[in-house]
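Colleague: can't give you the sequence, but here's the structure:
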């Protein structure tokens, strides 16, 4: 067991570094886009300085669509499992 771990140690370290890089990069992109969309929604909402209903509606639709994608993926993943249970 220990010999097989030593054989793949270099590949494992490289794979972990690549995974960490992809995770940190996607997190940074999500934070920047999320804060940007959130600020646009906050600024264009009704009681604030710059009421802009069309921009608010479009950005709100985009934000709601993006936030529902993980649920849709989970629902599609559980379809075969629910077919077995029912």
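Modeller: Cool, got the structure. These numbers come from a predicted model, not from an experiment.

Colleague: So the spatially most central residue of the chain versus residue 79, what's the distance?
Modeller: For the chain, residue 30 is the residue whose C-alpha lies nearest the centre (CA atoms, centre = their mean; 6.5 Å). Between residue 30 and residue 79 the distance is 27 Å, computed by CB to CB, to the nearest Å. C-beta here means a position set from N, CA and C on the backbone, and glycine is covered the same way.

Colleague: And residue 67, by the same measure?
Modeller: 21 Å.

Colleague: just residue 38 next, same as before
Modeller: Going from residue 38 to residue 79 by CB to CB gives 32 Å.

Colleague: what do you get for residue 20?
Modeller: From residue 20 to residue 79 the distance is 32 Å (CB to CB).

Colleague: Low-confidence regions, the chain specifically.
Modeller: 1, 48-49 (pLDDT under 70).

Colleague: If we use 80, what do you get?
Modeller: 1-5, 46-50, 86 (pLDDT under 80).

Colleague: And the helices in it, which stretches?
Modeller: Using DSSP state H, the helices of the chain run over residues 2-43, 53-85.

Colleague: Counting by contacts, list what the first one packs against.
Modeller: Which is helix 2-43. Applying 3 or more CB pairs under 8 Å, 6 or more residues apart in numbering; DSSP states H and E, one finds that helix 2-43 makes contact with helix 53-85.
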